[in-house]
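Asks: show me how the following folds:
(2 chains)
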Amino acid sequence: MLKVEGIHTYYGTSYILQDVSLTVNEGEVVCVLGRNGVGKTTTIRSIIGLTPPREGNVYYKNQKINGLQPFHINRLGIAYVPEDRQVFPELTVYENLFIAQRSNNGDNNAEWTIEKVFELFPELGRIDKRLAGKLSGGEQQMLTIARALVGNPELILLDEPSEGLAPKVVLNLLEALKVIKKSTSILLAEQNAVFALNLADRGYILEKGRTVYEADAETIRSDKELQKKYLII
Amino acid sequence: MEGYLSMLVNGLSYAMLLFLFTAGFTLQFGVLGVLNLAHGSFYMLGVFFSLTIAMFLGHLAGSFWIGLLIAPLFVALIGAFMERTLLRRIYGRDVLVQYLFTYTWIYILDDLVRMIWGARYSIVVMPDYFASAINVMGVNLSPYRLFIVVFGLVMGFLLWYFLQKTKMGMFVRAASDNRDMVSSLGVNTPALFTIVFAVGAWLAGIGGVLASPLQTAYAGMGIAIIVDCFIVVVIGGMGSIKGAFIAALLIGFLRSFGIAFFPELEMALKYILMAAVIILRPRGLFGKEEVH
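Replies: Down below sits the predicted model:
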């Protein structure tokens, strides 16, 4: 469904991604692991088009999408949940969802509506008139995920969802993501490997802007040497 | 009593003109992040389009209203064209570059106006029913100024409704916080920018049409109002429509009452108020905490 082929991305003059390749198949949850600063966020931003790669290609459903604008990429069915939440602080919870709402074409029972995401995240339903800027970190994280969902994407790019959240909130999030993954493919960038491998089917490891390792989640989970080398801080 | 009431109406009518004008300016800045120094030139274009329409259709009863409807639309079209072809190239560039860029537009548009309309000074004649004073509680008031007050309030309400209650308005508010995120949600932000810029120019054009029976038209007239607009934005807070409304009222009253009570200080009062706001509350009355 998503195929990233040898992309190289610059952030201003810094050379961040120096050859990243990965694929996400339909229905899969794929995680991108690695320490801080190896290029996980830039990988996600390169796919959604916010920092377009200078070399290499990104294909979505066999269509080349690098070079398209973010809004165009989103309309093809890819949602983006940025790492630092990025809710619209001056809009209410409901308005944040209302502007992101989009129906998918086929009639699908699994279609996400605002009511349905409030069932998934009951906390949000109770504070739907509150300004998003006034929410806690955990509530904002739920809101950005809910905001991505109501656009009814087929693939969600999820950047560091567990970052800065209390352990209990992370557990809630994990439960919600397990529900979401039943109907949506996910590409998850995470520093928290335990959290990511709990959810993912497959994983890639990034090191200095390169994909250096690929395996199924079980293999990465059990390979302590690998974790020591690339993941443990 | 007589003096106060007409001062009130004069102050309010200027405040509404200034508010409509500044709302467009601050809306553009909020979303596009560009201070359009040539905003006054759009106001000037509104005045001259109004002149031309009055010249050709002046014999018709409804010519003033046709002008009010059509002239701002032409200004909006010119704004949209300039955003698409020129302004779009300098988003995210150094602020100084943006200033210089829009500053050049002032002179280009001034010269275009001189070429097309000539250097003469003219004024739009207002409809008869606006021209003769009406008597309210024994006081003679200008019906045209009363009309501006009501029109400004209605426009202010519509603007508020658009921004708060419509999906497009929510996109605008969201984009003024985070353009990238709005784009990532599937909103065609380049088109949104064009629309916002055109709406801003449209509001300036409306201000120009409303002012055209009160003020002689001349190339270069955009400068005077852009200065007051800056003062309103600094007092009200960058990017805040509510702030623009309150600050425009302050400036309007300061002008009309200032002339009566402190005639020799009138020009200075607004600058004193602005300086006080800059010192005591740098982000303005309703400005956001951080400006980015």
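Asks: pretty sure A:I186 belongs to a strand, no?
Replies: Yes. Under DSSP: H, G, I helix; E, B strand; the rest coil, A:I186 sits within a strand.
Asks: and residue 196, how many neighbours does it have?
Replies: In the absence of a named chain, chain A is used. Using other C-beta atoms under 10 Å in any protein chain shown, A:A196 is surrounded by 27 other residues. Quick note: C-beta positions are derived from backbone N, CA and C, even for glycine.
Asks: should've been chain B
Replies: Look at B:V196: counted by other C-beta under 10 Å, it has 25 neighbours.
Asks: output the set of residues of chain A in proximity to chain B.
Replies: Residues of chain A lying close to chain B (C-beta under 8 Å from any C-beta of the partner chain) are A:48, A:50, A:69-71, A:74-75, A:79-80, A:82, A:86, A:88-91, A:95-96, A:98-100, A:102, A:147, A:151.
Asks: low-confidence stretches in the stretch 1-150 of chain B?
Replies: In the predicted model, the stretch 1-150 of chain B carries pLDDT under 70 at residues B:1-2.
Asks: quick one: the strands in it, in order.
Replies: B:134-136, B:139-141 (DSSP state E, counting those that start in this stretch).
Asks: which residues of the stretch 101-250 of chain B lie near chain A?
Replies: Neighbours of chain A within the stretch 101-250 of chain B, by C-beta under 8 Å from any C-beta: B:167, B:170-171, B:173-174, B:176-178, B:180-181, B:183-190.
Asks: now restrict the residues you listed to buried residues only.
Replies: When neighbours are counted using 16 or more other C-beta atoms under 10 Å in any protein chain shown, those contain these buried positions: B:170-171, B:173-174, B:176-178, B:180-181, B:183-189.
Asks: in strands, which of those fall?
Replies: Nothing among those maps onto strands, per DSSP state E.
Asks: for those, which one is nearest B:G243?
Replies: Nearest to B:G243 among these is B:S176, at 13.4 Å by C-beta to C-beta.
Asks: ok, now which ones touch the residue nearest to the closest one when sequence neighbours are not counted?
Replies: The shortest distance from B:S176 to any non-neighbouring residue, by C-beta to C-beta, 6 or more residues apart in numbering or on different chains, is to B:G30 (3.9 Å). Neighbour list for B:G30: B:V172, B:S176, B:M238, B:G239 [criterion: C-beta atoms under 8 Å, 6 or more residues apart in numbering or on different chains].
Asks: cool, and A:L165?
Replies: Applying C-beta under 8 Å, 6+ apart, the residues near A:L165 are A:G137, A:G138, A:Q141, A:L173.
Asks: same check, this time on B:M170
Replies: Residues near B:M170 by C-beta under 8 Å, 6+ apart: A:L91, A:E95, A:F98, A:I99.
Asks: just checking, the third one touches A:T113?
Replies: No. Using C-beta atoms under 8 Å, A:F98 makes no contact with A:T113, being 11.0 Å away.
Asks: and the helix or strand where B:L203 lies, what does it pack against?
Replies: Per DSSP states H and E: B:L203 is located in helix B:189-211. In this structure, helix B:189-211 packs against helix B:2-32, helix B:39-57, helix B:63-85, helix B:143-165, helix B:167-177, helix B:179-184, with contacts taken as 3 or more C-beta pairs under 8 Å, 6 or more residues apart in numbering or on different chains; DSSP states H and E.
Asks: and the gap between the spatially most central residue of chain A and chain B?
Replies: Nearest residue to the geometric centre of chain A (C-alpha atoms, centre = their mean): A:L158, 1.1 Å. The spacing between A:L158 and chain B, counted by C-beta to the nearest C-beta, to the nearest Å, is 13 Å.
Asks: and that residue, what is it in contact with?
Replies: With C-beta under 8 Å, 6+ apart, A:L158 has these contacts: A:V81, A:I145, A:L177, A:I186, A:L187, A:L188, A:A189.
Asks: what pairs with the fifth one across the strands?
Replies: Beta bridges link A:L187 to A:V30, A:L157, judged by DSSP bridges.
Asks: state the distance from it to chain B.
Replies: To chain B, A:L187 is 14 Å away according to C-beta to the nearest C-beta.
Asks: pretty sure that residue sits against A:V32.
Replies: Yes. Checked against C-beta under 8 Å, the pair A:L187 and A:V32 is within contact range at 7.0 Å.
Asks: kindly give a single PyMOL line that selects the buried subset of the residues of chain A next to chain B.
Replies: Buried residues within the residues of chain A next to chain B, by 16+ other C-beta under 10 Å, are selected in PyMOL with:
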select buried, chain A and resi 48+50+69+70+71+74+75+79+80+82+86+88+89+90+91+95+96+98+99+100+147+151
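Asks: which of the residues of chain A next to chain B fall within strands?
Replies: When DSSP E is applied, the residues of chain A next to chain B are split such that A:A79, A:Y80 fall in strands.
Asks: that older thread, got the CA coordinates for the very next helix or strand once past the helix holding B:L203 in PDB?
Replies: The helix or strand immediately downstream of helix B:189-211 is helix B:222-236, counting by DSSP H and E. Below are the C-alpha coordinates for helix B:222-236, written out as PDB (Å, rounded to 0.1, in the frame of the first residue of the first chain):
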ATOM      1  CA  GLY B 222      -3.900  54.700   0.800                       C
ATOM      2  CA  ILE B 223      -1.000  55.900   3.000                       C
ATOM      3  CA  ALA B 224      -3.200  57.900   5.400                       C
ATOM      4  CA  ILE B 225      -5.500  55.000   6.300                       C
ATOM      5  CA  ILE B 226      -2.700  52.400   6.600                       C
ATOM      6  CA  VAL B 227      -1.100  54.500   9.300                       C
ATOM      7  CA  ASP B 228      -4.300  54.500  11.400                       C
ATOM      8  CA  CYS B 229      -4.700  50.800  10.600                       C
ATOM      9  CA  PHE B 230      -1.300  50.100  12.100                       C
ATOM     10  CA  ILE B 231      -2.200  52.000  15.200                       C
ATOM     11  CA  VAL B 232      -5.400  49.900  15.500                       C
ATOM     12  CA  VAL B 233      -3.600  46.700  15.000                       C
ATOM     13  CA  VAL B 234      -0.900  47.500  17.600                       C
ATOM     14  CA  ILE B 235      -3.600  48.600  20.100                       C
ATOM     15  CA  GLY B 236      -6.000  45.700  19.400                       C
END
